[in-house]
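Generate coordinates for the sequence data below:
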Amino acid sequence: MLTTLLYYTRYLHIAAGFIGFFVAPVALAVRKGGTAHRRWGQVFFWAMVVAGSTAVLNASLKGLTFLLLTGIFSLYLAAFGYRSLYQKHLAVGRDQGARPARLDWLLASLGLLVFGGTLAYGAITGIVPAVVFGLIGVLTTGRQLAAFRRRGPWPAGQWLLNHMAGFVGAYIAAVSAFSATSLHFIPGPWNFLWPTLVFVPPLAWASRRYKARFRQGQRPSEVVEVRIQPTMA
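Purely as a prediction, here's the structure:
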């Protein structure tokens, strides 16, 4: 029974990861916020949910601690990027009744615990990628919780920057896991770290570009096509 479960979830994981690898560049190539971007972004999100969930299941059953943490890392970043679309209202501030949803508090708090554990695990075992991913996760969730506590309005377009960081981060985590398990010709820890080195600089460049436009007074709706999502309690 267990062998059969592992067999089917393995191929489900491969199929979902394969879809995510090729769909993400499509979502990035089309007009941001447009119909095609939303469609392919949703396909990518659910592909990452399936890939991350099956990775967590298989790693748990096989006792592969680091791959378990990587699967959780990918799942969290995908959820972070997706939930950011529901946080546009935080730009008006708490004084006008805008508050993070309880679900967002829960996700960020659980993420901080998991990534703190990942960082500790990496420090104890000497696994460099665990230290890198754990540190990135702690910084991401820590900043998120600090932003949730802020009484004033969020900076213009912060939800967009979070959306970009979450989805690109999930893609990096997925590619890193694939590289570590399949690209055996790349020595460790570089087989896990090269996607971070390749994809983070363009993400940082795009984030700085958007921030500069927001500082010049442009609204997010002038930069990308914006659709207001209903908030969730």
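
Do you have the helices of this protein handy? List them.
Applying DSSP state H to the chain gives helices spanning 2-29, 35-62, 65-83, 102-125, 128-149, 158-182, 190-215, 220-223.

Run through this structure and note the low-pLDDT ranges.
1-2, 92-97, 227-233 (pLDDT under 70).

Find the residue at the geometric middle of it.
Leu77 (2.0 Å; C-alpha atoms, centre = their mean).

shouldn't that residue be in contact with Ala170?
Yes: judged on C-beta atoms under 8 Å, Leu77 makes contact with Ala170 at a distance of 4.0 Å. In this view, the C-beta of every residue, glycine as well, is placed from N, C-alpha and C.

can I get the helices of the chain in JSON lines with distance to Leu90?
Supplementary listing: the helices of the chain in JSON lines, determined by distance: least, C-beta to C-beta, whole Å:
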{"stretch": "helix 2-29", "distance to Leu90": "24"}
{"stretch": "helix 35-62", "distance to Leu90": "20"}
{"stretch": "helix 65-83", "distance to Leu90": "11"}
{"stretch": "helix 102-125", "distance to Leu90": "10"}
{"stretch": "helix 128-149", "distance to Leu90": "8"}
{"stretch": "helix 158-182", "distance to Leu90": "7"}
{"stretch": "helix 190-215", "distance to Leu90": "15"}
{"stretch": "helix 220-223", "distance to Leu90": "12"}
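
quick one, which of those is nearest to Ala91?
Of all the helices of the chain, helix 158-182 sits nearest to Ala91, with 7.2 Å by C-beta to C-beta.

re earlier: tell me which residues touch the residue nearest to the centre of the chain, please.
Thr140, Ala165, Gly166, Phe167, Gly169, Ala170, Ala173 (C-beta atoms under 8 Å, 6 or more residues apart in numbering).

Swap in 6 Å and give it another go.
Gly166, Gly169, Ala170 (C-beta atoms under 6 Å, 6 or more residues apart in numbering).

and if you look at Val23?
Trp40, Val43, Phe44.

Any idea how many residues pack against the second one?
The reference is to Val43. Val43: 17 surrounding residues under other C-beta atoms under 10 Å.
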